[in-house]
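Asks: heads up, no residue letters with this:
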Ligand code: CAA
């Protein structure tokens, strides 16, 4: 059995929110970890200063940038990637009758196409080496739908289907592919929501509170673990009982 310290993990969107919690947790568990981010240089600097985890800036929605970025991260680490966590994502909440093509496209590209781009950049290497873990961060709203999120719900439902199909293709190569579907989690992503709308949503959560990012990271740590090798194609819901898929 290979120990965690020999495995190299990359977390997209890993300098803030759920992604940062995942990166910190994997580093704590002994993995070598790198993260990507796209926009917020200041947050990335603070994250790297606090954690010592290297942050790479590229757009996960850009296929070529993912190829080059993965190559760079592997070169810098002096070892190939073993674990990919596709976490990067955005929202552009608005009802469909007001949605612009740009709001649709941005969410599909950042939340779903990025999963393809990043997985495509690592999959040949994982297959050749015969071991790998891919965890894709989906959402409760990809499972149940959400008013104001036709774009996000479509992208996250796509992430779940993508994970299942890639799990089937990868099973014989020692690679597991799973999705984690968080419910409403206390991160900056919720900051753009109307406070009363959010209050109404929390009222529908049987546990009566938001998830903490660490609680999502815990599930990712479980799925990438050496002993989780028989879990593939699964969608792990972590939503305080809000939606029982
Ligand atoms: N169900 C049914 N009807 C609803 C509704 C709902 N959930 N929410 C609003 N409506 C109704 C309103 O009452 C209103 O009806 P009237 O015109 O009869 O008064 C009508 O729909 C229009 O509502 P708004 O004026 O609020 O519509 P809007 O276009 O201005 O705002 C919205 C829509 C901004 C999307 C707002 O509804 C909203 O913020 N919804 C929540 C979206 C959400 O949950 N986002 C999650 C972000 S976090 C995340 O995505 C992470 C994750 O993975 C969980």
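Replies: That came in fine, so what should we check first? Keep in mind it's a predicted model, so treat the numbers as computed, not measured.

Asks: Up against the ligand, what does the chain have?
Replies: 91, 93-95, 98, 139-141, 146-149, 152, 182, 184, 189-190, 193-194, 197, 201 (CB under 6 Å from any ligand atom). Bear in mind the C-beta positions are built from the backbone N, C-alpha and C, glycine included.

Asks: for residue 161, what are its contacts?
Replies: With contact set as CB atoms under 8 Å, 6 or more residues apart in numbering, residue 161 has no partners.

Asks: Mind jotting down where the strands sit in this structure?
Replies: With strands called from DSSP state E, the chain shows them at 8-11, 32-37, 54-57, 83-86, 132-137, 175-182, 235-238.

Asks: Look at the nearest residue to residue 103 once chain neighbours are set aside and say how many residues are nearby.
Replies: In this structure, residue 103 finds its nearest non-sequential neighbour in residue 92, 4.0 Å apart by CB to CB, 6 or more residues apart in numbering. Neighbourhood size, residue 92 [other CB atoms under 10 Å]: 18.

Asks: now swap in residue 125 and tell me
Replies: Quick note: residue 125 (other CB under 10 Å) scores 14 neighbours.

Asks: distance of the residue of the chain found nearest the ligand from residue 58?
Replies: Proximity of the chain to the ligand (CB to the nearest ligand atom) peaks at residue 148, 2.1 Å away. For residue 148, the distance to residue 58 (CB to CB, to the nearest Å) stands at 29 Å.

Asks: now swap in residue 203 and tell me
Replies: Using CB to CB, residue 203 is found at 39 Å from residue 58.

Asks: Over to residue 129?
Replies: Relative to residue 58, residue 129 is positioned 23 Å away (CB to CB).

Asks: Show me which of the two is the more surrounded one.
Replies: Of the pair residue 129 and residue 58, residue 58 is the one with more neighbours under other CB under 10 Å, namely 20 against 14.
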